[in-house]
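Participant: Sequence plus predicted model, see below.
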Amino acid sequence: MGYYRRVSSHALRSLKCPSLLTRLSPAPAKFGSLSRRSGGGSGAFSSPSFGFGYAYGFCSHSRSNLKESAIDLIQYPPERIRNFSIIAHVDHGKSTLADRLLELTGTIKKGHGQPQYLDKLQVERERGITVKAQTATMFYNYNLDGLKADEGHETQAFLLNLVDTPGHVDFSYEVSRSLAACQGALLVVDAAQGVQAQTVANFYLAFESGLTIIPVINKIDQPTADPERVKAQLMSMFDLDPSDALLTSAKTGQGLEQVLPAVIRHIAPPPGKSNSPLRMLLLDSYYDEYKGVICHVAVVDGAVRKGDKISSAGTGQSYEVLDIGVMHPELTPTGVLLTGQVGYIVSGMRSTKEARIGDTLYHSRNTVEPLPGFKSVKHMVFSGVYPADGSDFEALNHAIERLTCNDASVSISKESSTALGLGFRCGFLGLLHMDVFHQRLEQEYGAHVISTVPTVPYIFEYSDGSKLEVQNPALLPSNPKSRVTACWEPTVIATIIIPSEYVGSVITLCSERRGQQLEYSFIDSQRVFMKYRLPLREIVVDFYNELKSLTSGYASFDYEDADYQQSDLVKLDILLNGQTVDAMATIVHNLKAQRVGRELVEKLRKFIDRISAMRKNVLAKCYGGDVTRKRKLLEKQKEGKKRMKRVGSVDIPQEAFHEILKVT
Ligand SMILES: Nc1nc2c(ncn2[C@@H]2O[C@H](COP(=O)(O)OP(=O)(O)OP(=O)(O)O)[C@@H](O)[C@H]2O)c(=O)[nH]1
């Protein structure tokens with residue numbers, strides 16, 4: 001029997017996608033003698049080639065000691081491999097727990113001076129959130145009977161692949177892709193905050209993937225920690241046995257010695273066939289200036305070695321494996337990857353057109369049935385991205401190509417605008433995703449961009465019966481009402497968890513946003529769980545902020561895409577100095593059009609006024625001859641100008657485009 005057991009009727013009712021009910025499957029079967037249940041408890045462990053220990057932080061080898069031959073993957077057949085991810089609500093401590101596990105296994109040095117080690121992007125460090133899932137391979141010796149290694153008992157060497165995942169809803173595609181390479185997940189829950197909306201969402205992502213789920217109640221060091229209450233929630237919401245929950249503090253190290261033994265005992269080894277022809281799943285990729293595309297892969301069946309000729313099922317192209325290895329946690333060559341192992345390959349691919357996420361790679365000499373790959377991404381928000389300086393179009397094109405190699409969830413197509421020139425229409429999973437993409441373009445590729453008003457994808461039906469998905473409002477004829485016979489807007493199913501005293505105000509907010517309540521229940525005596533169908537348009541900008549402020553920050557919120565619903569929509573054009581600005585066109589509900597139009601023009605007037613005043617007066621208060629200061633001010637002004645677009649005689653600042661969505 002799996003660690004995750006029967007699902008209660010409550011959990012079934014709350015299933016994110018009803019159609020998945022038919023796919024409910026028991027947790028993967030345990031193998032051999034590992035089927036014994038355990039409440040955790042400490043086990044004996046040691047690092048395979050670096051000695052034994054019983055406390056964390058015992059192992060001191062560093063990556064720089066590792067040469068290609070230092071890691072011999074042959075000694076890790078599938079039954080000695082565990083692939084697991086860490087999933088949780090935002091800030092419940094996934095990355096910190098990952099740090100501790102990396103230290104515990106000697107993969108990184110204790111006190112390496114960089115908390116949240118696997119959050120490598122500048123944007124992740126600046127925002128304190130995980131954006132990309134990251135895999136790290138760890139080695140760990142463990143006695144399956146729980147006997148202590150330092151008392152001379154024999155241990156077995158295990159290879160553990162840990163995937164740290166993002167918590168925010170906009171990056172759930174990263175989570176679902178990561179889960180494809182895993183057989184189990186640590187579901188981390190903050191001991192004080194308890195189950196939150198993304199805990200629910202991530203639980204079901206893991207559950208739908210048939211993963212064994214180990215609950216970890218983290219942050220037990222906090223004065224307000226209440227692990228017993230959280231255990232009760234895990235039971236009532238997910239039917240997870242409270243006695244199975246591990247209690248940890250990733251901050252103090254308390255309870256951490258139970259985590260890896262529980263992973264080894266309760267999570268099944270990868271199910272692939274060692275004797276079958278190679279099938280390798282392309283999980284992720286990124287572009288390296290020197291090596292080209294580096295692909296993260298999971299070897300499902302067979303084995304792959306350096307020098308092998310491989311082909312892509314998606315493109316039919318063939319490559320030679322030039323470099324191969326594991327992330328330990330940096331790229332560490334091993335010369336081979338065997339069944340069940342997760343690592344990287346370099347094969348001379350140059351772009352995302354070649355490195356297709358979800359593709360199957362196989363030996364060119366064989367023919368294989370491709371793996372199922374991943375569900376296609378549903379883009380929630382579209383926006384135009386244009387070079388701030390029109391002559392930088394090619395440079396922006398190059399930057400976007402490189403960046404989408406590491407973020408396959410963005411859709412890109414070329415478009416042009418009268419106001420902004422040549423650019424791209426990009427589809428994102430949400431506004432945070434959009435923001436992060438812009439920030440990465442700027443930080444990682446030095447691209448200065450103007451982005452247009454984000455919009456959700458609407459559907460318009462015309463009198464001739466044709467239907468059009470509109471991702472760019474500018475493309476709608478200005479008086480579409482004459483020909484449009486029906487319009488639809490996308491909706492989401494939102495999960496909201498709040499303390500019970502805020503129920504009244506949250507219900508009011510949801511009805512103002514045209515929401516329809518689908519479910520209402522109590523998680524425990526203090527907290528309420530609600531499900532709403534809401535138009536995507538109504539939640540995409542400031543819904544979460546408003547929800548947070550109404551509930552003094554206690555609400556948590558998650559959503560998944562749902563069906564389209566019929567709606568009365570119109571196109572709203574903005575004229576500046578009598579000239580239509582196509583990049584500012586939006587689609588709004590007919591009833592709101594008058595109010596929105598007025599508010600918008602009022603707001604834009606302030607914005608555009610303010611900027612021109614600043615332009616004139618930039619040196620006005622700079623008395624005396626401080627040249628450096630003057631230069632700084634002028635450079636700042638130049639920087640600001642880069643982000644303005646001239647339409648007729650009017651300069652439009654970047655913020656103006658963002659303000660439009662806030663009003664509409
Ligand atoms: N007191 C206490 N704080 C912790 C513990 N674990 C993590 N934290 C803190 O909680 C905050 C969030 O931790 P992260 O590890 O970044 O959380 P996360 O779940 O990876 O966050 P996202 O990637 O943004 O979803 C940080 O300030 C950590 O230092 C713990 O056990 N106890």
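Facilitator: Nice, I can see it. Numbers count the residues shown, from 1 in each chain.
Participant: which strand is the longest one in this structure?
Facilitator: strand 484-499 (DSSP state E).
Participant: Could you list the buried residues of that strand?
Facilitator: By neighbour count on 16 or more other C-beta atoms under 10 Å, the buried set for strand 484-499 is 484, 487-498. The C-beta positions use only the backbone N, C-alpha and C, and glycine is treated the same way.
Participant: Now find how far off-centre whichever helix or strand comes after it is within its chain.
Facilitator: For strand 484-499, the following helix or strand on the C-terminal side (DSSP states H and E) is helix 503-512. Remark: helix 503-512 is offset 28 Å from the chain centroid, using C-alpha atoms, centre = their mean, to the nearest Å.
Participant: what's the following helix or strand after helix 503-512?
Facilitator: Past helix 503-512, the next helix or strand by DSSP H and E is strand 516-522.
Participant: Describe which strands that next one pairs with in its sheet and in which direction.
Facilitator: strand 527-535 (antiparallel) (DSSP bridges).
Participant: which other helices and strands contact the helix or strand immediately after the strand it pairs with in the chain?
Facilitator: With elements assigned by DSSP H and E, the helix or strand that comes after strand 527-535 is helix 536-539. Packing partners of helix 536-539 (3 or more C-beta pairs under 8 Å, 6 or more residues apart in numbering; DSSP states H and E): strand 484-499.
Participant: Pull the strand it packs on out as PDB, backbone CA atoms only.
Facilitator: Below are the C-alpha coordinates for strand 484-499, written out as PDB (Å, rounded to 0.1, in the frame of the first residue of the first chain):
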ATOM      1  CA  VAL A 484     -20.200  40.100 -34.200                       C
ATOM      2  CA  THR A 485     -23.000  37.800 -33.200                       C
ATOM      3  CA  ALA A 486     -21.600  36.500 -29.900                       C
ATOM      4  CA  CYS A 487     -18.600  36.800 -27.600                       C
ATOM      5  CA  TRP A 488     -17.100  34.600 -25.000                       C
ATOM      6  CA  GLU A 489     -14.600  35.200 -22.300                       C
ATOM      7  CA  PRO A 490     -12.300  32.700 -20.400                       C
ATOM      8  CA  THR A 491     -13.200  31.800 -16.800                       C
ATOM      9  CA  VAL A 492     -11.200  30.200 -14.000                       C
ATOM     10  CA  ILE A 493     -12.100  28.000 -11.100                       C
ATOM     11  CA  ALA A 494     -10.600  29.800  -8.100                       C
ATOM     12  CA  THR A 495      -9.800  28.200  -4.700                       C
ATOM     13  CA  ILE A 496      -9.800  30.600  -1.800                       C
ATOM     14  CA  ILE A 497      -8.900  29.700   1.800                       C
ATOM     15  CA  ILE A 498      -9.600  32.300   4.400                       C
ATOM     16  CA  PRO A 499     -10.200  32.700   8.200                       C
END
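Participant: Looks to me like residue 250 is in a strand.
Facilitator: No - counting by DSSP: H, G, I helix; E, B strand; the rest coil, residue 250 is located in no strand; its state is coil.
Participant: so what strands line up beside the longest strand of the chain?
Facilitator: Strand 484-499 has these strand partners (DSSP bridges): strand 458-462 (antiparallel), strand 527-535 (antiparallel), strand 556-566 (antiparallel).
Participant: in the first one, what's buried?
Facilitator: Spelled out, it's strand 458-462. For strand 458-462, by 16+ other C-beta under 10 Å, it's 458, 459, 460, 461.
Participant: For residue 330, grab the count of nearby residues.
Facilitator: Residues near residue 330, counting by other C-beta atoms under 10 Å, number 14.
Participant: near the ligand, which residues of the stretch 201-350 of the chain show up?
Facilitator: 218, 219, 221, 222, 249, 250, 251 (C-beta under 6 Å from any ligand atom).
Participant: hmm, back to that, tell me the angle of the longest strand of the chain relative to helix 503-512?
Facilitator: 170 degrees (axes from the mean of the first three to the mean of the last three C-alpha atoms, to 10 degrees).
Participant: Quick one: mean pLDDT over strand 484-499.
Facilitator: Averaged over strand 484-499, pLDDT sits at 92.
Participant: how far out from the middle of the chain is it?
Facilitator: 21 Å.
Participant: for stretch 275-282, same thing?
Facilitator: That offset, for stretch 275-282, works out to 26 Å (C-alpha atoms, centre = their mean).
Participant: Would you mind listing the buried residues in it?
Facilitator: Here stretch 275-282 shows 278, 279, 280, 281, 282 as buried, counting by 16+ other C-beta under 10 Å.
Participant: can you check stretch 93-112 too?
Facilitator: 93-108, 110.
Participant: in the sheet, who's paired with residue 342?
Facilitator: residue 298.
Participant: what's the burial count for it?
Facilitator: That count, for residue 342 with other C-beta under 10 Å as the rule, works out to 26.
Participant: and what of residue 401?
Facilitator: With other C-beta under 10 Å as criterion, residue 401 counts 16.
Participant: re earlier: ok, of the residues of the stretch 201-350 of the chain next to the ligand, which come out buried?
Facilitator: 218, 219, 249, 250.
Participant: Would you quantify the distance from the last one to residue 186?
Facilitator: Going back to what we said before, that points to residue 250. 11 Å (C-beta to C-beta, to the nearest Å).
Participant: any residues in contact with both of those two?
Facilitator: Overlap of the contact sets of residue 250 and residue 186 (by C-beta atoms under 8 Å, 6 or more residues apart in numbering) consists of residue 97.
Participant: Name the member of the residues of the stretch 201-350 of the chain next to the ligand with the shortest distance to residue 350.
Facilitator: residue 250 (39.5 Å; C-beta to C-beta).
Participant: tell me the contacts of that closest one?
Facilitator: 93, 96, 97, 99, 100, 218, 219, 256.
Participant: how about those in a markdown table, adding pLDDT, secondary structure and distance to residue 555?
Facilitator: Formatted as a markdown table, those follow (pLDDT from 0 to 100; DSSP: H, G, I helix; E, B strand; the rest coil; distance: C-beta to C-beta, whole Å):
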| residue | pLDDT | secondary structure | distance to residue 555 |
| --- | --- | --- | --- |
| 93 | 93 | coil | 20 |
| 96 | 92 | helix | 24 |
| 97 | 95 | helix | 25 |
| 99 | 89 | helix | 29 |
| 100 | 93 | helix | 29 |
| 218 | 98 | strand | 21 |
| 219 | 97 | coil | 19 |
| 256 | 95 | helix | 31 |
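Participant: Who does residue 141 form a beta bridge with?
Facilitator: Beta bridges link residue 141 to residue 46, residue 157, judged by DSSP bridges.
Participant: Please work out how many residues are found near it.
Facilitator: Residue 141: 22 surrounding residues under other C-beta under 10 Å.
Participant: same check, this time on residue 381
Facilitator: Neighbours of residue 381 using other C-beta under 10 Å come to 24.
Participant: quick one: residue 374 and residue 176 touch, right?
Facilitator: Yes - with contact defined as C-beta atoms under 8 Å, residue 374 and residue 176 form a contacting pair (7.1 Å).
Participant: how about the buried residues of strand 458-462 in TSV, adding distance to residue 561 and pLDDT?
Facilitator: Output for those, formatted as TSV (distance: C-beta to C-beta, whole Å; pLDDT from 0 to 100):
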residue	distance to residue 561	pLDDT
458	14	92
459	14	92
460	19	89
461	20	88
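Participant: Now do the residue of the stretch 151-300 of the chain found nearest the ligand against residue 440, distance only.
Facilitator: Proximity to the ligand, evaluated over the stretch 151-300 of the chain using C-beta to the nearest ligand atom, is greatest for residue 167 at 2.7 Å. Separation of residue 167 from residue 440 (C-beta to C-beta) stands at 18 Å.
Participant: Mind checking which of the two has more residues around it?
Facilitator: A side-by-side neighbour count of residue 167 and residue 440, using other C-beta under 10 Å, places residue 167 first with 26 against 21.
Participant: how far away is the more buried one from residue 197?
Facilitator: Counting by C-beta to C-beta, the gap from residue 167 to residue 197 is 10 Å.
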